[in-house]
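Colleague: Turn this into a structure:
(one chain, ligands or ions: 2)
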Amino acid sequence: MYEKVALIGIGLIGSSLARAIRQKGLAREISIATRSADTLAAARELDLGDIYTTSGAEAVENADLVIVSVPVGASGAVAKEIAGSLKPGATLTDVGSTKASVIAQMEPYVPEGVHFIPGHPLAGTEHSGPAAGFAELFENKWCIFTPLPGTDEGAIDKLKAFWEACGSHVELMDKEHHDKVLAIVSHLPHIIAYNIVGTADDMETVTESEIIKYSASGFRDFTRLAASDPTMWRDVCLHNRDAILEMLSRFSEDLASLQRAIRWGDGDKLFDLFTHTRHVRRSIIEAGQDTAAPDFGRVPKKD
Ligand SMILES: NC(=O)C1=CN([C@@H]2O[C@H](COP(=O)(O)OP(=O)(O)OC[C@H]3O[C@@H](n4cnc5c(N)ncnc54)[C@H](O)[C@@H]3O)[C@@H](O)[C@H]2O)C=CC1
Ligand SMILES: O=C(O)C(=O)Cc1ccc(O)cc1
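Modeller: Ligands and ions are numbered 1, 2, ... in the order given. Okay, here's the model as predicted:
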């Protein structure tokens, strides 16, 4: 599909892509660049590619497709490093969880003649690093592209075919809309998880061993999200600030209303809300979105 693919960043997402590319024969050659020599050595040990280097500029030489899979806060630095070595006509994409900030960071460095197509696979787990990846990660998951106006349609179609070959379903979206949707369905749940696990951990009257011993499955689900990579999620919070703050403010208002209903013993209000949310959950299941975690981004099964 592509002659040479360069993967910049070889953690959970980069290494899953490397495995999928190999398994499905989507490129003749894979070059891998990452900042740290230790991560690079781990990638080599796992036999994820053909060329290994700590220089992004070296990795992208002659590559037809360059995929940047680093924490979103590092996108600008990576774009700056590789810009001068990108092949004319190459496609440059990323997998970052936030899009407006990544575009603002990378676009100024993209040379004329390089097709920049920002992307985001809605597929992941709480694990990180090159050993955490697996080829099937993207199967039956959405991948959202947020291309800039005027982007070459042929380059978009080719990248779409690449993600479809990895098992994903591609949708195009405006970058601001992406950031709002993801703020509520992905970023807020992670922030709530970090917060609730932090609150439990801060309690003086309940010990950590009691939390471990008695944790119900609901709390355990939160601990899974709260185990997600700290660098990645720090960057998501800092780089989707406005949309996250908007969702947090709505969330806090609704939480205050729930708190009030509990304080005043408003059972009808509690019952109505819980009935409605149960319906939302059932609609998701009926639409074919499976129940087992991690299942975020799964595309509904067709009837
Ligand atoms: N983990 C998840 O579930 C998902 C993550 N994403 C996005 O994918 C991107 C990568 O995330 P993961 O693979 O999970 O992270 P990870 O922590 O597993 O891997 C990150 C990789 O980037 C490298 N790196 C960090 N800073 C760098 C720099 N300045 N220059 C070059 N390499 C650098 C690290 O060495 C590592 O190889 C992030 O932008 C994240 O928002 C998107 C979908 C799901
Ligand atoms: O592990 C989970 O439940 C996730 O939600 C994974 C995930 C995290 C970040 C993304 O941008 C996309 C997917």
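
Colleague: can you tell me which residues contact the residue nearest to His169 when sequence neighbours are not counted?
Modeller: Among residues not flanking His169 along the chain, Val299 sits closest, at 4.8 Å (C-beta to C-beta, 6 or more residues apart in numbering). C-beta: built from backbone N, CA, C; applies to glycine. Residues in contact with Val299 (C-beta atoms under 8 Å, 6 or more residues apart in numbering) are 140-142, 169.

Colleague: Of those, which is the nearest to ligand 2?
Modeller: Lys141 (8.6 Å; C-beta to the nearest ligand atom).

Colleague: who touches the nearest residue to that closest one once chain neighbours are set aside in this structure?
Modeller: With C-beta to C-beta, 6+ apart as the criterion, Lys141 has its nearest non-adjacent residue at 3.9 Å, and that residue is Ala123. By C-beta under 8 Å, 6+ apart, the residues touching Ala123 are 16, 137-138, 141-143, 168, 296-297.

Colleague: And the pLDDT at Ala123?
Modeller: At Ala123, the model reports a pLDDT of 98.

Colleague: Check whether it sits in a helix, strand or coil.
Modeller: At Ala123 the chain is in coil, as set by DSSP: H, G, I helix; E, B strand; the rest coil.

Colleague: any idea how far Arg281 is from it?
Modeller: 21 Å (C-beta to C-beta, to the nearest Å).

Colleague: Gly56 now?
Modeller: 43 Å.

Colleague: Show me which of the two is the more surrounded one.
Modeller: Neighbour count, other C-beta atoms under 10 Å: between Gly56 and Arg281, Gly56 has more, with 25 against 11.

Colleague: In space, what's closest to the residue nearest to the spatial centre of the chain - neighbours in sequence excluded?
Modeller: Nearest to the centroid of the C-alpha atoms of the chain, with distances taken as C-alpha atoms, centre = their mean, sits Ser97, at 4.2 Å. Setting aside the residues directly before and after it, Ser97 is nearest to Val236 in space (C-beta to C-beta, 6+ apart), at 5.0 Å.

Colleague: The helix or strand harbouring the one you found vs ligand 2: in contact?
Modeller: Using DSSP states H and E, Val236 sits within helix 230-239. No. Between helix 230-239 and ligand 2, judged by C-beta under 6 Å from any ligand atom, nothing touches; the nearest distance is 7.3 Å.
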